[in-house]
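**Q** What follows is a predicted protein model with its sequence.
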Amino acid sequence: MPEIPEIAARASEMNAELRGKTILNLEVLQPKCLNIAAGDFITALTGAELKGTTYHGKWLITETSQGWFLLNLGMGGEILLVTRQTLPEKRRIILDFTDGSSLAINFWWFGYAHYMAADRLSEHKMTAQLGPNAMDLDVDKLRILIKSQRTRLKTFLLDQSKIAGIGNAYIHDILFLARLHPLRPLASLSEEEIAHLYQGIHAGLQPSIDKGGAFYELNLHGQKGGFVLEEILIGYKEGQPCPVCGTPIQKIKTGSNSSFICATCQVI
DNA sequence: TATCTTGTTAATCG
DNA sequence: ACGATTAACAAGAT
């Protein structure tokens, strides 16, 4: 479940370690994750030199000498810098570089590997529709976004077209830190509560950003992120005591997904 | 075996 | 048009 902390770490690693590598050839083991035919994808990127990598929401965006390479790891996956001799068992796309290294990309379930021509990045719908990165929002922009919506808080935070990069893993702690219930109607939030939400987004994401993402995702060298289970406050801790008041943490249904809350600290 | 899970889009209904 | 809900899609763990 890569969200902002994991994606930011991957972008930084790719930016530092892949820049300057030239693609010798590509192997596509799962054509359905592409946005164009596999043959066209391979033709487009063969011979391309990788440049910088940035991210927008859950998308990794790499500039190459022959256009854009965009990756979305979906519900989780690995981007491993290996060689043909050390290929991981699970891979869906492989980029072989002229220096003998290879990039093996896997999604554990859904994911996307897209190509856009150099002058057509703005036509890539899935990234063009994204809102600002969660950590780039200031409290005034957040207030304006909230005023224009009438849904519930959790739905809003997960809507990538409003705020990009928050997923259903970090959101439990973000809402707990803000002392807000996931089902709160947006329109009922006070100015003070919006300020708490802003602080919750930062306080919930920053520790993991500082540690290269969560333990359940791997970096380019197969090492786990430094943000460990013990640092998660209430997410996935059903039945354990709330760290603030001791009330057992509850798992509740919020629409089609689940949320972990402290029913004492987070009142609707 | 049946159910659950991290993402995103599309279709539908009110 | 908007919000809510559901299904679908390429798996894997329990």
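**A** The structure has been received and is ready for your questions.

**Q** The longest helix seen in chain A - what's its average pLDDT?
**A** In terms of residue count, the longest helix belonging to chain A (DSSP state H) is helix A:191-210. Averaged across helix A:191-210, pLDDT comes to 96.

**Q** For it, name the packing helices and strands.
**A** Under the contact definition 3 or more C-beta pairs under 8 Å, 6 or more residues apart in numbering; DSSP states H and E, helix A:191-210 sits against helix A:4-17, helix A:139-147, helix A:171-178. Placement of C-beta: from N, CA and C, glycine included.

**Q** residues in contact with it?
**A** A:3-6, A:8-9, A:134-135, A:137-139, A:142-143, A:146, A:153, A:163, A:166, A:170-171, A:173-180, A:189, A:214, A:225, A:227, A:231 (C-beta atoms under 8 Å, 6 or more residues apart in numbering).

**Q** what angle do that helix and helix A:139-147 make?
**A** Helix A:191-210 and helix A:139-147 meet at an angle of 120 degrees, taking axes from the mean of the first three to the mean of the last three C-alpha atoms, to 10 degrees as the criterion.

**Q** Any chance you could give me helix A:191-210 in PDB, C-alpha atoms only?
**A** The C-alpha trace of helix A:191-210 is given here as PDB (Å, rounded to 0.1, in the frame of the first residue of the first chain):
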ATOM      1  CA  GLU A 191     -12.100  26.200  11.500                       C
ATOM      2  CA  GLU A 192     -10.300  24.700  14.500                       C
ATOM      3  CA  GLU A 193     -11.000  21.200  13.300                       C
ATOM      4  CA  ILE A 194      -9.700  22.000   9.800                       C
ATOM      5  CA  ALA A 195      -6.500  23.200  11.500                       C
ATOM      6  CA  HIS A 196      -6.300  19.900  13.400                       C
ATOM      7  CA  LEU A 197      -6.900  17.900  10.200                       C
ATOM      8  CA  TYR A 198      -4.000  19.800   8.500                       C
ATOM      9  CA  GLN A 199      -1.800  19.000  11.500                       C
ATOM     10  CA  GLY A 200      -2.900  15.400  11.500                       C
ATOM     11  CA  ILE A 201      -2.000  15.000   7.800                       C
ATOM     12  CA  HIS A 202       1.500  16.200   8.500                       C
ATOM     13  CA  ALA A 203       1.900  14.400  11.900                       C
ATOM     14  CA  GLY A 204       0.600  11.200  10.300                       C
ATOM     15  CA  LEU A 205       2.900  11.200   7.300                       C
ATOM     16  CA  GLN A 206       6.100  12.900   8.300                       C
ATOM     17  CA  PRO A 207       7.500  10.200  10.600                       C
ATOM     18  CA  SER A 208       7.300   7.600   7.800                       C
ATOM     19  CA  ILE A 209       8.600  10.000   5.200                       C
ATOM     20  CA  ASP A 210      11.700  10.600   7.500                       C
END
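
**Q** centre of the chain versus that helix, how much separation?
**A** 17 Å (C-alpha atoms, centre = their mean, to the nearest Å).

**Q** From the contact counts, what lies against the helix or strand that that helix is followed by?
**A** Reading on from helix A:191-210 to the C-terminus, the next helix or strand found by DSSP states H and E is strand A:250-254. Secondary-structure packing of strand A:250-254 (3+ C-beta pairs under 8 Å, 6+ apart): strand A:257-261.

**Q** what does the strand it packs on contact?
**A** Against strand A:257-261 from outside (C-beta under 8 Å, 6+ apart): A:154, A:168, A:171-172, A:175-176, A:181-182, A:234-238, A:249-253.

**Q** Can you tell me which of those are buried?
**A** A:154, A:168, A:171-172, A:175-176, A:181-182, A:234-235, A:237, A:249-250 (16 or more other C-beta atoms under 10 Å).

**Q** Stretch A:55-66 vs DNA strand C: in contact?
**A** No - judged by C-beta under 7 Å from any atom of the strand, stretch A:55-66 makes no contact with DNA strand C; its nearest approach is 13.4 Å.

**Q** for stretch A:127-142, same thing?
**A** No - figure legend: stretch A:127-142 not in contact with DNA strand C (C-beta under 7 Å from any atom of the strand); closest approach 12.8 Å.

**Q** Good, we can wrap up now.
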